[in-house]
Every structure is written in structure tokens, then in C-alpha cells.
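J.: below are the sequence and a predicted model for it; my questions follow.
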Amino acid sequence: MAPNEGFVIVQADLSDRDKLKLGFQEAVEKLGTLDILINNHGITRVQEALTFPIDAWDKMLETNLTSVFLLCQLAARIMMEKGYGKIINMASMATFFEITQIPSYVASKGGIGQLTKALAVEWASRGINVNAIAPGLIETEMTSGLKTNPARKEYFFARIPAGRFGKAEELKGTWVFLASHASDYIHGAIIPVDGGFLAR
């Protein structure tokens, strides 16, 4: 890494287990070590459960859930040698309740919630904090389809006391908190950043 450069870029297909491992190894080699892992990736597909294709189901679970487990596993092996590490997973409102017509996404995000708790309990005594953030409706490419579906948009907006979509930068405070020593006694938490969505 060049002097004064705060990041490196590594590209990897996280739905491919071999490429995921190679990408992880390349990133660690370039950075020199690993203290914080943020699993912030995912895909979705809108389709009724009755006709949802099994190959799309498999790809969704592999990308959204299995890859998170593998990255956590790889990171924890390094972190345990130090006795310290922070892992932050990306959950969802779908971790807490159903959303129709995205069955595999809901399943994967429900899994993220339970995986976060399981790893937190198992690794807390080894100095590793495992927690998750559950964003509400954030303005991203993935949520852009809601703007062209008035019925779904109205349904979700009616549940947001803040009355708007969140912005990606509004997640950064929670990320920084969970990555810092300020959260050293927090294990297995799933923190909503949702404009009050879950409070209603």
C-alpha cells in the first residue's frame, strides 16, 4: 500500500467460494493485517414464492448468507491470533419480519441475524465482537425498484415515521461505533437504522 493511501481495491465474486477465498487473501496481503470486517453486500430478486426458481434461491443464499459465514470464518482465524477483532454484518428489516415476493432474500437476512448471534456467543471470549446493522429503506440501486411500484412504495412509506428513505451515509455512525472500542462490550446486537420503521 502506497504511503498516505488509506485503502486498497480487490474485486472478487462472493458467490464463488474459491474466488471469495482468493479475494480475501489478496486483501489481507495488501493491507498487512485485519482488525475489522464489514460484510456489506447482497443481491435480491422480486418474485412470488410459488414460482421462485431454485437456482435463483441457491445463488441468493450463497451470496447473501454463505459468503458472510465464510468471510467471518476467515477473518476470525486472523483475529483470534491477536485476541481482538470487530465483525459487522449487514442485516435488514427482513431479519425481523416478512416481506412478500422476496422469499430467498428474507430467508438469507433472517439467517444473518441468527448467524450474528451464534458467532458472537462463540467468539466473544476470544476478543471478537460480532454484531450487525439492520438498515431500513436506504436509497440504493437495490431499492430503486420501489419508486416504480406505487403500491409497494406507499406500503413501506406508511411505516416509516421519518417519512423518507434513508441515505447510505446515515449508516456510517453505527459502523464507526461498532468498529471502535466504544462497543467492546456489545456482542450479538442487531442495531436498526431505519427511520423508526420497527417502532411502528
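T.: In hand now; what should we look at?
J.: which pLDDT value belongs to Lys153?
T.: Looking at Lys153, its pLDDT stands at 74.
J.: with just CA atoms, put stretch 140-157 into CSV.
T.: Below are the C-alpha coordinates for stretch 140-157, written out as CSV (Å, rounded to 0.1, in the frame of the first residue of the first chain):
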residue,chain,number,x,y,z
THR,A,140,-29.6,2.3,-3.2
GLU,A,141,-29.8,0.6,-6.6
MET,A,142,-31.4,-2.4,-4.8
THR,A,143,-34.3,-0.3,-3.5
SER,A,144,-34.8,1.8,-6.7
GLY,A,145,-37.5,-0.5,-7.9
LEU,A,146,-39.8,0.7,-5.2
LYS,A,147,-40.1,4.0,-6.9
THR,A,148,-41.6,2.4,-9.9
ASN,A,149,-44.0,0.3,-7.8
PRO,A,150,-46.5,2.8,-6.2
ALA,A,151,-48.3,0.2,-4.1
ARG,A,152,-45.2,-1.2,-2.5
LYS,A,153,-43.7,2.3,-2.1
GLU,A,154,-46.9,3.5,-0.3
TYR,A,155,-46.9,0.4,1.9
PHE,A,156,-43.3,1.0,3.1
PHE,A,157,-43.6,4.8,3.4
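J.: contacts for the helix or strand encompassing Ala132?
T.: In the assignment (DSSP states H and E), Ala132 maps to strand 128-135. For strand 128-135, the external contacting residues (CB atoms under 8 Å, 6 or more residues apart in numbering) are 72, 76, 79-80, 84-93, 95-96, 112-113, 116, 119-120, 123-124, 166, 171, 174-175, 178, 183-184, 186-194. The way it works is simple: take the backbone N, C-alpha and C, and place the C-beta from them, glycine included.
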